[in-house]
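J.: show me the folded form of this:
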Amino acid sequence: MIEQGVSLKTYNSFGVAAEATLFAFAKTIKDLQSILKDKRFTSAWILGGGSNTLFCDTPKAPIIHLAISGIEITEEQRDDVIIKAGAGVNWHKLVLWSLEKGFGGLENLALIPGNVGAAPIQNIGAYGVELQDVFESCTLVNRNDQSVETYDKAACQFGYRDSIFKRELKHKAVITDVSLRLKKENYQLNTSYGVIAQLLASKGISTPSPKEIADAVIDIRTTKLPDPKQLGNAGSFFKNPIVDHDQFMLLKSSFPDIPHYAQPNQNYKIPAAWLIEQVGLKGTREGDVGTHKHHALVLVNYGNASGHEIKTFSQKVQQTVEERFAIRLQPEVNFCC
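T.: Take a look at the predicted model:
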């Protein structure tokens, strides 16, 4: 179904007012193929849950809302199970479904906003776990000839908040479903993040279940992060920057207490929230846009901020951090302008 002049306010977690000149729903792969054959949608913006998209007033591109649903078990063994979820399935609902079935692997990724289709694009991650740790494959539709392909983990070329879908296949393919390999028993649980271990210990839990870890993650996230239904936001606006050894040593010489996490190849990940706090921008507000008072990495819409105003504010954050630390923060959020 194709519509004109559709309000996008309820289709983005920032809650900004915007209007699509052309808007189409794709509830099946056949729907998607049919829409992509329409020349009006050659350069369409693919919209999922809208939790990682910032619209600027009237987007130039037509919008395809990907609403492919369904969760199923496609393969089951003694220890493992492979599940497949449609791209339009809400990510957190998938996590809850897996926990109800007694499956492990997604517990650390609870309450991440967005839909399943965006998960491989971002290689979503939290609290020591990334999608690639459980990823089996995904199905995608080629935007040029509408052919259907399957990509395994190696083909997706996952990196930190990165994949082939943000590089070579950007705007060239649409993910329609994702398959994940989860554990039925002999869980490989990750409580390496101190805040999770501390919360579990405070509850007297020494050998947690996947659900208990998920509950801890949900508690932490709801305490730190604002609910988009109450205060428009897209979660973490910027990626945590990764710097090489030489740059890190220069930073440490000037800022001895700089928090960091060692990465492969003598690289270091620096918390973007810390950088923003250090330049005094945590909890600041300009009109109806600002950084959240409890988490500097979250940019929020206090009511009537436009997409352009949020984008401009984010650029101010980038510039201020770069002037102080010589680090250019990269947005996780995608701009549809």
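J.: need the contact list for residue 129.
T.: Contacts for residue 129 were tallied using CB atoms under 8 Å, 6 or more residues apart in numbering; they are 108, 109, 190. For every residue, glycine as well, the C-beta is placed using N, CA and C.
J.: run the last query once more with 10 Å
T.: For residue 129, the contacting residues are 105, 106, 107, 108, 109, 188, 189, 190, 192, 193, 213, 217, taking CB atoms under 10 Å, 6 or more residues apart in numbering as the criterion.
J.: scan those residues and report the most crowded one.
T.: Neighbour count (other CB atoms under 10 Å) singles out residue 107 as the most crowded of those, with 28 neighbours.
J.: can you tell me how far that residue sits from residue 220?
T.: 12 Å (CB to CB, to the nearest Å).
J.: shared neighbours, the two?
T.: Shared between the contact lists of residue 107 and residue 220 (criterion: CB under 10 Å, 6+ apart) are residues 127, 196.
J.: check which element follows the top strand by length along the chain along the chain.
T.: Looking only at the chain and at elements set by DSSP state E, the strand with the highest residue count is strand 173-183. Next along the chain after strand 173-183, taking DSSP states H and E as the criterion, comes helix 194-202.
J.: show me what that following helix is packed against.
T.: Taking 3 or more CB pairs under 10 Å, 6 or more residues apart in numbering; DSSP states H and E as contact, the helices and strands that helix 194-202 lies on are helix 210-224.
J.: give the contact list for the closest residue to residue 197 other than its chain neighbours.
T.: Taking CB to CB, 6 or more residues apart in numbering as the measure, residue 197 lies nearest to residue 191, with 5.0 Å between them; neighbours along the chain are not counted. Remark: with contacts taken as CB under 10 Å, 6+ apart, residue 191 is in contact with 107-108, 127-128, 197-201, 205, 208, 212-213, 216.
J.: selecting buried members of those in ChimeraX, what would you type?
T.: One line in ChimeraX is enough to select the buried ones among these; burial here means 16 or more other CB atoms under 10 Å:
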select :107,108,127,199,200,205,208,212,213,216
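J.: ok, the contacts of residue 191 vs residue 282, which is closest?
T.: residue 127 (21.3 Å; CB to CB).
J.: that closest one contacts residue 189, correct?
T.: No: between residue 127 and residue 189 there is no contact under CB atoms under 10 Å: 11.2 Å.
J.: mutual contacts of these two, please.
T.: 107, 108, 196, 213.
J.: you'd agree the second one is in a helix?
T.: So the one you mean is residue 108. Yes: assessed with DSSP: H, G, I helix; E, B strand; the rest coil, residue 108 lies in a helix.
J.: give me the spatial nearest neighbour of it, chain neighbours excluded.
T.: Across the structure, with CB to CB, 6+ apart as the measure, the residue nearest residue 108 apart from its sequence neighbours is residue 129 (3.9 Å).
J.: now do residue 247
T.: residue 326 (7.7 Å).
J.: burial of residue 254, as a residue count?
T.: One way to gauge burial is a neighbour count; for residue 254, by other CB under 10 Å, it gives 10.
J.: tell me the contacts of it?
T.: Neighbour list for residue 254: 324, 325, 326 [criterion: CB under 10 Å, 6+ apart].
J.: mind giving me the domain split of this structure?
T.: The record's domain parsing of the chain by automatic domain parsing lists 2-66, 71-224, 232-336.
J.: got TSV for these, with mean pLDDT too?
T.: Converted to TSV, those look like this (pLDDT from 0 to 100):
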stretch	mean pLDDT
domain 2-66	95
domain 71-224	96
domain 232-336	96
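J.: where does the closest residue in space to residue 181 that isn't next to it in sequence land in three-state SS?
T.: When the adjacent residues along the chain are set aside, residue 181 lies closest to residue 136, with 4.6 Å between them (CB to CB, 6+ apart). When the structure is split into helix, strand and coil by three-state DSSP, residue 136 lands in strand.
J.: how far away is residue 136 from residue 82?
T.: Residue 136 is 6 Å from residue 82, by CB to CB.
J.: as a quick check, tell me the outermost residue of the chain.
T.: residue 253 (32.9 Å; CA atoms, centre = their mean).
J.: now do the SS call for that residue.
T.: Relying on three-state DSSP, one would call residue 253 helix.
J.: picking that back up, got a list of what the residue nearest to residue 181 touches?
T.: With contacts taken as CB under 10 Å, 6+ apart, residue 136 has the following neighbours: 74-75, 80, 82-84, 152-153, 178-182.
J.: most neighbours, which of those?
T.: Among those, residue 178 has more neighbours than the rest - 27 neighbours, counting by other CB under 10 Å.
J.: I am finished for the moment; much appreciated.
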